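*Asks:* how would this look folded up:
(chains A and B)
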Amino acid sequence: MTAVARRACGAALAVALVAAAVAPAQAEIRIDITRGVVEPVPIAVPPFDGGSADGIPYGRDIAALVAEDLERSGLFRSIDPKAFIQTRLPPNALPRFGDWRVINANALIQGRAQIVNDGRLRVEFRLWDVFAEQHMAGVVYTGDRGGWRRIAHLIADAVYQRITGETGYFDTRIVYIAESGPADKRVKRLAIMDQDGANHQLLTDGSSLVLTPRFSPTLQEITYLSYYGNLPRVYLFNIDTGRQEVLGDFPGMTFAPRFSPDGKHVVLSMAKDGNSEIYVMNLSTRVQRRLTFHSAIDTSPSYAPDGKSIVFNSDRGGSQQLYVMDSNGRNTRRISYGKGRYATPVWSPRGDLIAFTKIHQGRFFIGVMRPDGSGERLLTDGFLVEAPTWAPNGRVLMYFRQEPTDATGKGGRSRLFAVDLTGHNEREIVTPLDASDPAWSPLIP
Amino acid sequence: MRMGFVLSLVMHVAVFVAGYVGLPALQRPPPVMDVPILVEVVEVGPITNVPPPPTKPAPPAPPKPEPKVAAAPPPPAPAPPPAPEPEPEVAAVPPPPPPQPKAKAKPKPKPEPEAAPPPPKPQPPAALATVTPRRKPTPPDPFASVLKTVETLRKRPPEAPAPAKAEPPEETFGAQIAKALKAPARRFDATRPLTVTEIDLVRQQIAQCWNVPAGAKDAENLVIEIRVAMNPDGTVRSARIGDTARLQSDPFFRAAAESALRAVLNPRCQPLKLPFEKYAEWKTMTLVFNPREMFGS
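*Replies:* Alright, predicted model coming up:
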């Protein structure tokens, strides 16, 4: 074959290849959608079918609470029932999807609440994708009538999880410090409530000061700092039994406790001779181990969800900054390099972010950054915002916000707020007393 | 001698003439293949130019503090530990009655204009005045706020919300009239292939109905393909998610994919504004949803 002929063959082959590559591209249009909107998903939650007369109030209240939960997350918008075209939604028939599409309901919850023979409450629901006319989820719950709020939270969690892909956080509780009295004689008590503020209870009587409560990942226990006999110590408190005990016999003052993700260890700071270091204690053997060895102050440790790393803050670099170390204390590296001081780091249960308090030019911020220190974003700010705590799905942060006192010493209220990690949808969690230091529980098992 | 001079002269002249005339004539003029495309862009340009900025800035839900509070606070007395909540039992709901697969009435959507920056428009024959082509007002970027940062909000005080929103000041009334007269001149030519701006139009339409899963873990890495079969009137006949295997394994992907599917099926964003004449081309399409652009950081 001559060179010319070979070249001609090559050219023909190239042409054929190009033609082959081009042909399918012409047959099929591909459109890249790179932008969208960020809006709450419109969802319709009509009252659940009550069946008999005693079921009707439950059906109504549960549906309302589900809608309220979803709406409070900021990711959903509950459609006003006045807009509903199909006003009766029988539990065992298909919804008229056209009627729901017209009012732009993207999702629809169809439910039934009955009092069954043994007097218990039986609630079932179905979640429908209105546009695709698909059944998305359906669960039946049976429980005590008094537990209807919990059933509603469970339904809201199931809907949230199905639509967003993340686990919900509605069936959770918050423990926090309830404060009352004048500033110089402040009474601080441990209090607990549902994440929506319902079922509020005080756990301690206020005779000794309590600070920084933290939930155990196993739920029944809280660890916190209490001044008893003027000595601040880390305590464990069992919610079910009400039993309280000192954690470990440390020679110095211990503070800033936090559970490990498996609930078997507590990591805390201990101050001795003006220097504070981080220790970890095994809760079953009570063996303690020192993790940091530095002349600077090391405090506020928090575990990564995989238990392999610990974030803490330290002023070893001259100012208060965030550091990450392996959970055995090795391989310490600084992660925060922004302006100002950083404090109270908390690792997200999702693992992708670390929340922190930042103090810059006399102002407080709550922010998040990735575990390598990149992507810092400040979500909220104020005269005093502090103590971020993650919802168990790592999607929402709660913290407290204190207002400045005026010249007469009035004001200075402190309240709890929650914000989505996008920085939007900041909402107050209303508490009967002043509130600080919130801690979010894991999902109730 | 003289002969040699003449010969030399003739040869030199010949070389010059050949250099000046002959060689360029050997070169083919460059093919003018680009011209049709250029015309297309120019023609369609005004479509992108005229309409107002498309999407509303979509500020995600205003943070209204939750006023609803739980029941009256208990007296501040030492309370007994809360009783453990009753354990509701959980069971799966029996499978639902089969959904009817019939699609239903599609309300007319309101056409929304195109957002892509317009290609440069040739200067119109200066009839009334020298007109600087009307610049499209920069719409407030709704996606700058997908992930809110207090810091940047503080750095950017609200007194300058959008820079240079207005048209150039020399836009006189006469110029506007000239433009208005010129506007209806553009007409659609069905013989041309589906152009970039028409695709942009569809992109814009669907984007309005796509509720992006912001804040999800690694949301910027979720790329979803939706295969769509279209009706000639621009409504969607059927749509399905491309990667069905991942639907089962990855709940984040499933949530994101379903959000994309809802965008395609949402009657508010139909019919898609595609030219009927080119139905053969867009009878089936693949829509690729990729939120990466929205998560700049």
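*Asks:* Show the end-to-end separation of stretch A:401-418, please.
*Replies:* End-to-end span of stretch A:401-418 (CA to CA, to the nearest Å): 10 Å.
*Asks:* Give me the residues contacting it.
*Replies:* Around stretch A:401-418, the neighbours that count as contacts under CB atoms under 8 Å, 6 or more residues apart in numbering or on different chains are A:174, A:176, A:179, A:183, A:380, A:382-386, A:391, A:396-400, A:426-431, A:434-436, A:438, B:65. Where C-beta positions appear, they are placed from N, C-alpha and C, glycine not excepted.
*Asks:* hmm, which of those are the buried ones?
*Replies:* A:174, A:176, A:179, A:380, A:382, A:384-386, A:391, A:396-400, A:426-431, A:434-436, A:438 (16 or more other CB atoms under 10 Å in any protein chain shown).
*Asks:* so which of those residues also contact chain B?
*Replies:* When these are checked against chain B using CB under 8 Å from any CB of the partner chain, the ones in range are A:380, A:426-430.
*Asks:* Write out the residues of the stretch 151-300 of chain A neighbouring chain B.
*Replies:* Residues of the stretch 151-300 of chain A found near chain B (CB under 8 Å from any CB) are A:151, A:154, A:161-166, A:178, A:180, A:189, A:192-194, A:196-206, A:238-242.
*Asks:* rewinding a little: in strands, which of the ones next to chain B among the buried ones among the contacts of stretch A:401-418 appear?
*Replies:* A:380, A:427-429 (DSSP state E).
*Asks:* Farthest pair within those residues?
*Replies:* Based on CB to CB, the longest span within these runs between A:Thr380 and A:Ile429 and measures 14.1 Å.
*Asks:* Pipe the ones next to chain B among the buried ones among the contacts of stretch A:401-418 into CSV and attach pLDDT and distance to A:Leu211 per row.
*Replies:* Converted to CSV, those look like this (pLDDT from 0 to 100; distance: CB to CB, whole Å):
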residue, pLDDT, distance to A:Leu211
A:Thr380, 92, 22
A:Glu426, 90, 24
A:Arg427, 91, 25
A:Glu428, 92, 22
A:Ile429, 91, 19
A:Val430, 91, 22
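*Asks:* In TSV, list these along with distance to A:Asp54.
*Replies:* Shown next, in TSV, are these (distance: CB to CB, whole Å):
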residue	distance to A:Asp54
A:Thr380	45
A:Glu426	39
A:Arg427	34
A:Glu428	35
A:Ile429	32
A:Val430	31
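*Asks:* Taking these, tell me the two that lie furthest apart.
*Replies:* Longest span within those, CB to CB: A:Thr380 and A:Val430, 17.6 Å.
*Asks:* and B:Val264, what are its phi and psi?
*Replies:* In terms of degrees, to the nearest 10, the main-chain angles of B:Val264 are phi -70, psi -40.
*Asks:* Could you count how many residues lie near residue 241?
*Replies:* No chain in the question, so chain A it is. Neighbours of A:Thr241 under the rule other CB atoms under 10 Å in any protein chain shown: 10.
*Asks:* oops, I was thinking of chain B
*Replies:* So B:Ile241, with other CB under 10 Å, has 20 neighbours.
*Asks:* The residue lying closest to it once chain neighbours are set aside: what's it in contact with?
*Replies:* Among residues not flanking B:Ile241 along the chain, B:Ala257 sits closest, at 4.6 Å (CB to CB, 6 or more residues apart in numbering or on different chains). Shown in contact with B:Ala257 (CB under 8 Å, 6+ apart): B:224, B:226, B:241, B:243, B:246-247.
*Asks:* now swap in A:Pro301 and tell me
*Replies:* Applying CB under 8 Å, 6+ apart to A:Pro301 gives the contacts A:256, A:258, A:267-269, A:278, A:291, A:310-312.
*Asks:* Quickly check those residues for the two that are furthest apart.
*Replies:* Across these, the longest distance by CB to CB is 14.3 Å; it joins A:Leu268 and A:Val311.
*Asks:* any weak-confidence spans in chain B?
*Replies:* B:22-145, B:151, B:153-193, B:296-297 (pLDDT under 70).
*Asks:* got the contact list for the closest residue to A:Asn199 other than its chain neighbours?
*Replies:* Take A:Asn199 and drop its neighbours on the chain: the residue closest to it by CB to CB, 6+ apart is A:Met193, 5.8 Å away. Listed by CB under 8 Å, 6+ apart, the contact set of A:Met193 reads A:173-174, A:176, A:199-201, A:431, B:70.
*Asks:* Sort out for me which of the contacts of B:Ala257 are in helices.
*Replies:* B:246-247 (DSSP state H).
*Asks:* Report the buried members of the contacts of B:Ala257.
*Replies:* For the contacts of B:Ala257, a neighbour count by 16+ other CB under 10 Å gives the buried set as B:224, B:226, B:241.
*Asks:* In this structure the second one contacts B:Gly242, no?
*Replies:* Yes. Here B:Ile226 lies in contact with B:Gly242, judged by CB atoms under 8 Å, at a distance of 6.7 Å.
*Asks:* so what's in contact with those two at the same time?
*Replies:* B:Thr286.
*Asks:* in a helix, that's where the residue nearest to B:Ile241 is, yeah?
*Replies:* Yes. Applying DSSP: H, G, I helix; E, B strand; the rest coil, one finds B:Ala257 inside a helix.
*Asks:* low pLDDT regions in chain A?
*Replies:* Applying pLDDT under 70 to chain A flags residues A:1-27, A:219, A:248-249, A:409-410.
*Asks:* measure the most centrally placed residue in it to chain B for me?
*Replies:* Compute the mean C-alpha point of chain A, and by CA atoms, centre = their mean the closest residue is A:Ala391, 1.3 Å away. A:Ala391 sits 12 Å away from chain B, going by CB to the nearest CB, to the nearest Å.
*Asks:* Against chain B, how distant is the closest residue to that residue other than its chain neighbours?
*Replies:* Spatially, and ignoring its direct neighbours in sequence, A:Ala391 is nearest to A:Tyr169 (4.0 Å; CB to CB, 6+ apart). Separation of A:Tyr169 from chain B (CB to the nearest CB): 13 Å.
*Asks:* Can you give me the neighbour number for A:Tyr169?
*Replies:* A:Tyr169: 27 surrounding residues under other CB under 10 Å.
*Asks:* which residues of the stretch 151-297 of chain B fall in helices?
*Replies:* All helices of the stretch 151-297 of chain B, identified by DSSP state H, counting those that start in this stretch, fall at B:173-182, B:196-209, B:244-249, B:251-265, B:279-282.
*Asks:* Out of those helices, indicate the one that is most buried.
*Replies:* helix B:251-265 (a mean of 23; mean count of other CB atoms under 10 Å in any protein chain shown).
*Asks:* what angle do it and helix B:196-209 make?
*Replies:* On the basis of axes from the mean of the first three to the mean of the last three CA atoms, to 10 degrees, helix B:251-265 is oriented at 120 degrees to helix B:196-209.
*Asks:* Can you give me the distance of B:Arg227 to chain A?
*Replies:* Distance from B:Arg227 to chain A, by CB to the nearest CB: 9 Å.
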